[in-house]
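Enquirer: The amino acid sequence is not available; the structure is as follows:
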């Protein structure tokens with residue numbers, strides 16, 4: 001892996017995106033076939049996290065990829081309240097046990113750990129790698145690819161409308177998290193928020209009926225997108241002197 005990384009960090013990031021997306025899709029299918037949704041996916045995501053963290057630590061890249069304490073005035077970041085509001089999105093309709101407890105716990109753990117992998121890949125490897133050439137392009141590509149990556153959910157049986165909504169607000173979240181990482185030099189707030197959002201998604205109250213599903217989809221999309229964009233613009237304004245710096 002080190003040879004590929006040294007040759008091109010962006011290529012290394014793209015390689016990991018492909019490995020993760022394809023592998024996760026295959027593991028989801030296997031999990032469904034054995035009657036334990038996300039079980040194999042959980043194992044796969046844990047392995048990905050271990051390999052990525054091992055690689056980053058071994059090569060002294062922890063500071064570069066934001067695996068360090070937050071560096072910034074928390075007041076200018078509004079004490080991360082907007083991120084907290086995004087994190088509890090799935091609590092807006094209440095919580096429910098949508099399957100038996102064991103399956104829910106496994107599914108929650110799987111998507112939560114997947115959130116860690118996605119932050120390391122999209123906000124870490126891809127964004128940092130591209131920043132060395134052009135920060136603006138890095139922000140856009142990291143955000144958009146993160147959102148579009150969710151189209152793989154269609155292959156796992158997710159409805160088209162829900163997937164489209166998810167892609168839209170995932171792009172917004174990707175943009176927000178990228179700005180937070182770039183201005184605060186730490187990926188930890190993004191990892192925690194992504195972990196919580198995904199973990200709670202399994203226990204969200206599921207609306208009944210197509211109209212109710214669409215209404216919730218629109219609400220969640222608008223709610224997350226507005227908070228993410230407004231918060232990002234606030235941070236860009238507060239840190240406009242350093243936001244485009246190529247260095248971390």
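Expert: Perfect, thanks for sending it. Every value quoted in this text rests on a predicted model; they were computed, and no experiment measured them.
Enquirer: going forward, measure contacts and count neighbours with C-alpha atoms only.
Expert: Fine.
Enquirer: show me what contacts residue 225?
Expert: Residue 225 makes contacts with 168-169, 172-173, as judged by C-alpha atoms under 8 Å, 6 or more residues apart in numbering.
Enquirer: Nearest to residue 50 among these?
Expert: Closest approach to residue 50 among those (C-alpha to C-alpha): residue 173, at 24.5 Å.
Enquirer: How about the closest one, nearest residue that isn't a chain neighbour?
Expert: Setting aside the residues directly before and after it, residue 173 is nearest to residue 228 in space (C-alpha to C-alpha, 6 or more residues apart in numbering), at 5.8 Å.
Enquirer: any idea how far residue 243 is from residue 72?
Expert: 13 Å (C-alpha to C-alpha, to the nearest Å).
Enquirer: Next, the buried residues of whichever helix in the chain runs longest.
Expert: Secondary structure of the chain read by DSSP state H shows that its longest helix is helix 210-238. Across helix 210-238, burial judged by 16 or more other C-alpha atoms under 10 Å covers 216-218, 220-221, 224-225, 227-228, 231-232, 235-236.
Enquirer: before we move on, the earlier item: could I get the contacts of residue 225 as JSON lines with secondary structure and neighbour count?
Expert: Shown next, in JSON lines, are those (DSSP: H, G, I helix; E, B strand; the rest coil; neighbours: other C-alpha atoms under 10 Å):
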{"residue": "168", "secondary structure": "helix", "neighbour count": "19"}
{"residue": "169", "secondary structure": "helix", "neighbour count": "21"}
{"residue": "172", "secondary structure": "helix", "neighbour count": "24"}
{"residue": "173", "secondary structure": "helix", "neighbour count": "27"}
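Enquirer: Dihedrals phi and psi, the residue of the chain positioned farthest from its centre?
Expert: The C-alpha centroid of the chain is most remote from residue 209, which lies 28.4 Å away (C-alpha atoms, centre = their mean). Here is the backbone geometry of residue 209 (degrees, to the nearest 10): phi 90, psi 140.
Enquirer: same deal with residue 204?
Expert: Main-chain torsions, residue 204, degrees, to the nearest 10: phi -70, psi 150.
Enquirer: what do you get for residue 95?
Expert: Per-residue torsions, residue 95: phi -120, psi 150 (degrees, to the nearest 10).
Enquirer: Could you give me the buried positions within the helix or strand hosting residue 54?
Expert: Using DSSP states H and E, residue 54 sits in helix 39-58. For helix 39-58, burial by neighbour count (16+ other C-alpha under 10 Å) applies to 39-42, 44-46, 48-49, 52-53, 56.
Enquirer: what comes into contact with that helix?
Expert: 20, 23-24, 27-28, 30-31, 62, 65, 106-107, 109-111, 113-114, 116-117, 120.
Enquirer: List buried members of these by neighbour count.
Expert: Buried residues within the contacts of helix 39-58, counting neighbours by 16+ other C-alpha under 10 Å: 20, 24, 27-28, 30-31, 65, 106-107, 109-111, 113-114, 116-117, 120.
Enquirer: Okay, and which of these map to helices?
Expert: Secondary structure from DSSP H places 20, 24, 27-28, 30-31, 106-107, 109-111, 113-114, 116-117 of these in helices.
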